[in-house]
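In: Next come a sequence and a model predicted from it.
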Amino acid sequence: MTARRTIPSVRHRTVEVEGVRVAYRESGPADGPVLLLLHGFPTASHQFARLMDALGDIPYRLIAPDYPGFGRTEAPEGFTYSFDRLADIVEGFTDALRLDRFALYVFDFGAPVGLRLATRRPERVTGLIVQNGNAYEEGLSDAAREFTALRREVPADEERVRALFTLEGTRFQYETGVADTGLLSPDSWTLDVHYLNLPGRTDAQADLAFDYASNFAHYPAWQAWLRSARVPVLVVWGAGDPFFTPAGAKAYLRDAPDADVHVFEGAGHFALETHLPEIAPLISRFLTRLP
């Protein structure tokens, strides 16, 4: 007789951090080891809903916050949208929830947020899962280099940045590089656009887009952390990502030579959307091997 699969109950909660009402979702046992899931642009914690379901059989507490300017999190007027500040809020979020030890899952924007956190609190991180989250110069595509060179003081540059926040721009991020777009749910980008259209959100996203280049100066520190911390590392990567190339996935081996690296052909930037059946078992095995 086949054992019945466990379907986790997902809890939706909020906690206040420095005046920001951080929304988050969590599943799994309250006393289990923690996997902190850090989302990318322009999505939020809902991008992990299917993954949290797929990982329901492992005894981990899965926690996914929405950053300020994303999803259901509410930030006060005058909040400064930069990657340093996003990391401040996520760090405060871990303090508020008393997360003393956790594995990190970082995707896209989650990489500069999570790796800032790792270098600030290295004693807390038990393992690192990277999904299309760049920390190396060679991981930047020509399109990414061109985009991050845009400057706010140039009106045409601001127009190009804001075009990425439209329905067409968001859908482009999901579909580019995907071999079978029929595997993509339109619900994903339509929900993202719903949140993007909330008051003040496009201004917040523009601030972060123009701040993205600030992350490059941190690459050496993040790479040094990988060498010194020597935490287990799993890298899963969509080969067709228009922003972050497979070279960025393989570059992690330079500083974490024992990393388990998987590049998926036919997957794009949002690799979980099309390759969850292949990626979820890798994550499950990785987590069960962590001390």
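Out: Received it, and whenever you're ready, just let me know what you need. Residues are numbered from 1 along each chain as shown.

In: Check residue 9 and give its pLDDT.
Out: We have a pLDDT of 87 for residue 9.

In: Spit out the contact partners of it.
Out: Contact partners of residue 9, counting by Cβ atoms under 8 Å, 6 or more residues apart in numbering, are residue 27. Quick note: C-beta positions are derived from backbone N, CA and C, even for glycine.

In: what helix or strand does it sit in?
Out: Residue 9 is part of no helix or strand when elements are defined by DSSP states H and E.

In: And the strands in the stretch 151-291 of the chain?
Out: Residue ranges of the strands in the stretch 151-291 of the chain, as given by DSSP state E, counting those that start in this stretch, are 233-238, 260-264.

In: Strand partners (parallel or antiparallel) of the longest one?
Out: Strand pairing for strand 233-238, determined by DSSP bridges: strand 125-131 (parallel), strand 260-264 (parallel).

In: For residue 223, which of the ones you listed is the nearest?
Out: Between residue 223 and the strands paired with strand 233-238, the shortest separation by Cβ to Cβ is 12.4 Å, and it involves strand 125-131.

In: So what touches the closest one?
Out: Residues outside strand 125-131 that contact it (Cβ under 8 Å, 6+ apart): 33, 35, 101-107, 111, 114, 117-118, 226, 229, 231-237, 249, 252, 256, 271-272, 279, 283, 286-287, 290-291.

In: if we go to 7 Å?
Out: Applying Cβ atoms under 7 Å, 6 or more residues apart in numbering, the external contacts of strand 125-131 come out as 101-107, 111, 118, 229, 231-237, 252, 271-272, 283, 286, 290-291.

In: quick one: the helices in the chain?
Out: Using DSSP state H, the helices of the chain run over 49-54, 83-96, 110-120, 142-148, 155-163, 167-175, 186-196, 201-211, 219-229, 246-250, 252-255, 271-289.

In: Would you indicate which residues of the longest one are buried?
Out: Right, the one you point to is helix 271-289. Of all the residues in helix 271-289, those buried under the rule 16 or more other Cβ atoms under 10 Å are 271-276, 279-280, 283-284, 286-287.

In: can you check the fifth one too?
Out: In terms of neighbour count (16+ other Cβ under 10 Å), helix 155-163 has its buried residues at 157-158, 161.

In: got it, and the second one?
Out: Applying a neighbour-count criterion of 16+ other Cβ under 10 Å, one finds 83, 85-94 buried in helix 83-96.

In: Just send the residues you listed back as JSON lines, with distance to residue 244 too.
Out: Compiled in JSON lines, the buried residues of helix 83-96 are given as follows (distance: Cβ to Cβ, whole Å):
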{"residue": "83", "distance to residue 244": "16"}
{"residue": "85", "distance to residue 244": "23"}
{"residue": "86", "distance to residue 244": "18"}
{"residue": "87", "distance to residue 244": "19"}
{"residue": "88", "distance to residue 244": "24"}
{"residue": "89", "distance to residue 244": "24"}
{"residue": "90", "distance to residue 244": "21"}
{"residue": "91", "distance to residue 244": "24"}
{"residue": "92", "distance to residue 244": "28"}
{"residue": "93", "distance to residue 244": "25"}
{"residue": "94", "distance to residue 244": "25"}
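
In: TSV for those, including distance to residue 146 and pLDDT?
Out: As requested, the buried residues of helix 83-96 are exported to TSV (distance: Cβ to Cβ, whole Å; pLDDT from 0 to 100):
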residue	distance to residue 146	pLDDT
83	20	98
85	26	98
86	23	98
87	26	98
88	29	98
89	29	98
90	28	98
91	32	98
92	34	98
93	33	98
94	35	98
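
In: Tell me how many other residues surround residue 249.
Out: By the criterion of other Cβ atoms under 10 Å, residue 249 has 27 neighbours.

In: any weak-confidence spans in this protein?
Out: Applying pLDDT under 70 to the chain picks out residues 1-7.

In: and which of the buried residues of helix 271-289 is nearest residue 178?
Out: In terms of Cβ to Cβ, no member of these lies closer to residue 178 than residue 274, at 5.8 Å.
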